[in-house]
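Trainee: Pasted the sequence and its predicted model underneath.
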Amino acid sequence: MANIGELYQSADWKGEKHVPVIEAPEEVTADEVFEVKVSVGKEIPHPNTTEHHIRWIQLYFKPEGDKFAYQVGNFEFTAHGESAEGANAGPVYTHHSVVAALKINKSGVLYATSLCNIHGLWESSIQIRVK
């Protein structure tokens with residue numbers, strides 16, 4: 001039996017459309033609010049159709065030296081072109097991109113995870129320093 005962590009896939013987001021892309025400053029000031037953008041399909045667009053879409057993105061922060069990560073946000077995307085007229089005929093589509101504002105007081109790692117309804121779980125991470 002596999003652990004859930006073994007189900008997550010990762011790759012270079014420049015060549016794989018499913019990898020969550022984290023955009024944040026490399027260095028921030030302790031206890032000052034900054035923005036983090038997470039998106040899927042930045043370099044290679046990911047479809048957003050009834051049949052093939054990103055269901056959610058989650059963002060976590062793990063402080064340096066701590067054992068546990070803290071959940072920063074859970075973002076669900078619920079409009080993929082569904083309609084009474086049929087698949088991909090709906091009047092609205094959500095785009096798999098989010099912005100979260102947060103503040104930290106320790107250096108650490110930001111982790112982003114996402115779920116594609118066809119291709120499963122994906123993850124990425126970036127280091128962030130507190131000055």
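Mentor: All right, it came through fine. All values derive from a computational prediction rather than experimental measurement. Numbering: from 1, shown residues only.
Trainee: do you know how far G86 is from H53?
Mentor: Counting by Cβ to Cβ, to the nearest Å, the separation of G86 from H53 is 16 Å. In short, each C-beta sits where N, CA and C put it, glycine included.
Trainee: who has more neighbours, the two?
Mentor: Neighbour tally, G86 and H53, criterion other Cβ atoms under 10 Å: the higher count belongs to H53, 22 against 10.
Trainee: Now that one: closest residue in space that isn't a chain neighbour?
Mentor: H80 (4.4 Å; Cβ to Cβ, 6 or more residues apart in numbering).
Trainee: and that neighbour, what is it in contact with?
Mentor: With contacts taken as Cβ atoms under 8 Å, 6 or more residues apart in numbering, H80 has the following neighbours: 48-50, 53, 90, 93-94.
Trainee: Among these, which one has the most neighbours?
Mentor: Most neighbours among the contacts of H80, by other Cβ under 10 Å: H53, with 22 neighbours.
Trainee: All set, thanks.
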